[in-house]
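[1] Only the shape, not the letters, is given here:
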Ligand code: SF4
């Protein structure tokens with residue numbers, strides 16, 4: 001077994017102190033409904049699926065309606081694939097909805113309708129990757145496992161390693177880095193969510209608000225904020241991408257009670273018919289859209 005060490009501490013390398021981070025988190029945390037007491041592990045897992053690539057503000061209404069309608073894995077599994085895709089709405093990356101439906105089915109069938117509480121078993125579930133498995137184990141079951149998302153990687157890169165940005169992701173090294181920071185007592189899960197919150201609300205990618213930062217020491221600040229190395233990151237665009245075309249085509253199908261013709265889909269994207277065909281074919285290949293016997297198109301399971 002290969003042991004990956006965290007970045008070696010340099011002389012006087014700063015750390016993230018729990019006695020600074022935790023009181024700040026208690027004072028400043030956002031009131032997010034999936035953090036409320038009494039929210040089930042399943043409902044936390046749903047939030048993590050939705051938050052993977054979508055901002056909190058867009059997830060909030062969809063999550064609330066989702067868990068009201070389908071509060072358990074078995075309730076979700078009993079819904080049709082088309083209902084799940086409709087409820088996903090405009091969260092984007094709709095393959096996540098399909099995987100969440102499959103995940104619910106496996107939990108209902110193989111795990112007595114209870115979300116597993118250990119990372120290894122969580123990793124066997126459809127759509128659950130390294131981040132989601134650790135997030136659910138930590139946030140739902142208080143397991144002291146490192147939870148590393150983009151925000152956490154950025155905070156650690158700045159505060160501990162004195163760099164403007166995180167290096168290329170390396171799960172083993174990133175987990176080791178964060179594991180080295182976790183308190184050894186039962187505050188570890190709260191420390192993990194607090195680190196993530198700091199990156200999401202204060203140590204943000206473009207405009208870190210260092211004046212509000214609870215950390216007394218920060219390597220990047222101490223070094224005088226050296227520039228990021230490597231090529232500048234390109235901003236992600238959405239307009240004109242295949243992803244946008246897929247979204248438009250799904251909108252047509254979501255808002256229709258019955259299968260639609262190719263001509264009805266063409267209205268959704270007239271700019272480039274080759275791109276439209278490519279997007280439609282990818283939706284068919286992903287199993288999000290189905291083709292009826294008479295050549296029309298419908299959401300999965302509604303053909
Ligand atoms: S001092 Fe600024 S750069 Fe350093 S961790 Fe805090 S917010 Fe981020």
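    Okay, I see it. Everything numeric here is computed off the predicted structure, so don't read it as measured data. Numbers count the residues shown, from 1 in each chain.
[2] Could you use CA atoms for every contact and neighbour count after this?
    OK.
[3] check contacts around the most centrally placed residue in the chain.
    By C-alpha atoms, centre = their mean, the mean C-alpha position of the chain lies nearest to residue 52, the distance being 1.5 Å. Contact partners of residue 52, counting by C-alpha atoms under 8 Å, 6 or more residues apart in numbering, are absent.
[4] So which elements touch the helix or strand hosting residue 189?
    Residue 189 belongs to helix 188-201 when elements are defined using DSSP states H and E. Helix 188-201 is packed against helix 18-28, helix 130-141, helix 150-159, with contacts defined by 3 or more C-alpha pairs under 8 Å, 6 or more residues apart in numbering; DSSP states H and E.
[5] so which of these gets nearest the ligand?
    helix 150-159 (4.6 Å; C-alpha to the nearest ligand atom).
[6] For the residue nearest to the centre of the chain, give me the pLDDT.
    pLDDT for residue 52: 91.
[7] Quick one, which of the helices and strands packed on helix 188-201 gets closest to residue 203.
    Proximity to residue 203 (C-alpha to C-alpha) singles out helix 150-159 among the helices and strands packed on helix 188-201, at 6.4 Å.
[8] which outside residues touch the helix or strand harbouring residue 68?
    Following DSSP H and E, the helix or strand that holds residue 68 is helix 56-69. Residues from elsewhere that reach helix 56-69, judged by C-alpha under 8 Å, 6+ apart: 33, 43, 46, 47, 50, 51, 87, 88, 89, 91.
[9] who in the stretch 101-250 of the chain is up against the ligand?
    Neighbours of the ligand within the stretch 101-250 of the chain, by C-alpha under 6 Å from any ligand atom: 155, 158-159, 202-203, 208-210, 213, 215, 218, 220-221.
[10] Give me the buried subset of those.
    Among these, those classed as buried by 16 or more other C-alpha atoms under 10 Å are 155, 158, 159, 202, 203, 208, 213, 215, 218, 220.
[11] mind listing what residue 88 touches?
    Residues in contact with residue 88 (C-alpha under 8 Å, 6+ apart) are 62, 94, 97.
[12] Distance-wise, check the second one relative to residue 115.
    Counting by C-alpha to C-alpha, to the nearest Å, the gap between residue 94 and residue 115 amounts to 22 Å.
[13] The two: which has the busier surroundings?
    Just comparing residue 94 and residue 115: by other C-alpha atoms under 10 Å the higher neighbour count belongs to residue 115, 27 against 22.
[14] Next, count neighbours for the nearest residue in space to residue 143 that is not next to it in sequence.
    Closest residue to residue 143 apart from its sequence neighbours, by C-alpha to C-alpha, 6 or more residues apart in numbering: residue 137 at 5.4 Å. Residue 137: 25 surrounding residues under other C-alpha under 10 Å.
[15] Counting by contacts, list what the longest helix seen in the chain packs against.
    With secondary structure taken from DSSP state H, the chain has its longest helix at helix 95-110. Other elements packing on helix 95-110 under the criterion 3+ C-alpha pairs under 8 Å, 6+ apart are helix 41-51, helix 73-78, helix 81-88.
[16] Could you point out which of the ones you listed sits nearest the ligand?
    From the helices and strands packed on helix 95-110, taking C-alpha to the nearest ligand atom, the stretch that ends up closest is helix 41-51, at 21.9 Å.
[17] list the helices and strands the closest one packs on?
    Helix 41-51 packs on helix 56-69, helix 95-110, helix 130-141, going by 3+ C-alpha pairs under 8 Å, 6+ apart.
[18] In JSON lines, list those helices along with mean pLDDT and distance to residue 262.
    Formatted as JSON lines, the helices and strands packed on helix 41-51 follow (pLDDT from 0 to 100; distance: least, C-alpha to C-alpha, whole Å):
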{"stretch": "helix 56-69", "mean pLDDT": "96", "distance to residue 262": "29"}
{"stretch": "helix 95-110", "mean pLDDT": "97", "distance to residue 262": "22"}
{"stretch": "helix 130-141", "mean pLDDT": "97", "distance to residue 262": "37"}
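[19] Point out the most buried one among those helices.
    Highest mean neighbour count among the helices and strands packed on helix 41-51 (mean count of other C-alpha atoms under 10 Å): helix 130-141, with a mean of 22.
[20] ok, and what's touching it?
    With C-alpha under 8 Å, 6+ apart as the criterion, helix 130-141 contacts 40-41, 44-45, 48-49, 117-120, 122-123, 143-149, 189, 193.
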